[in-house]
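J.: Output the structure for:
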Amino acid sequence: MGTFSIWHWLIVLVVVLLLFGRGKIPELMGDMAKGIRNFRKGMTDEEESPEDAKTVEHKADEPVSAAKQKAGKSS
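T.: Numbering: from 1, shown residues only. The predicted structure follows:
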């Protein structure tokens, strides 16, 4: 019950190739790479444009409940 031998890994490889086919594995890896790239691009887009984020303006001398009422009215 120790580590797998080379024969175990070859059998696993053959089974994977039979299930997915030769062309399907590179296609899956390409789709996964596109997903990772889109995720990273989305993360950098959010970090670069914080001025586009919606915020509620609040004055220091204004009570919090008044600011909440203002925010509710403007929506």
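J.: And the average pLDDT for the helix or strand hosting residue 37 is what?
T.: Taking DSSP states H and E as the definition, residue 37 sits inside helix 24-48. What helix 24-48 shows for mean pLDDT is 85.
J.: just checking, what packs against that helix?
T.: helix 6-20 (3 or more CB pairs under 8 Å, 6 or more residues apart in numbering; DSSP states H and E). The C-beta positions use only the backbone N, C-alpha and C, and glycine is treated the same way.
J.: Just the angle for the helix it packs on relative to helix 24-48, thanks.
T.: Comparing the axes of helix 6-20 and helix 24-48 via axes from the mean of the first three to the mean of the last three CA atoms, to 10 degrees yields an angle of 80 degrees.
J.: quick revisit: for the helix holding residue 37, give me every contacting residue.
T.: 16, 17, 20 (CB atoms under 8 Å, 6 or more residues apart in numbering).
J.: residues in contact with the last one?
T.: By that I understand residue 20. Per CB under 8 Å, 6+ apart, neighbours of residue 20: residue 28.
J.: Kindly provide the distance from residue 38 to residue 31.
T.: With distances taken as CB to CB, to the nearest Å, residue 38 is found 11 Å from residue 31.
J.: For residue 21, give me phi and psi.
T.: Note on residue 21: its backbone torsions stand at phi 80, psi 160 [degrees, to the nearest 10].
J.: Enumerate every residue touching it.
T.: Counted by CB under 8 Å, 6+ apart, residue 21 has zero contacts.
J.: ok, it to residue 9 distance?
T.: Noted for residue 21: a distance of 19 Å to residue 9, by CB to CB.
J.: Ok, residue 28 next?
T.: 20 Å.
J.: Likewise for residue 31?
T.: From residue 31 to residue 9 the distance is 25 Å (CB to CB).
J.: Residue 27 now?
T.: For residue 27, the distance to residue 9 - CB to CB - is 23 Å.
J.: And the pLDDT for residue 5?
T.: With respect to pLDDT, residue 5 has a value of 90.
J.: quick one, phi/psi of it?
T.: Dihedral angles (degrees, to the nearest 10) for residue 5: phi -90, psi 180.
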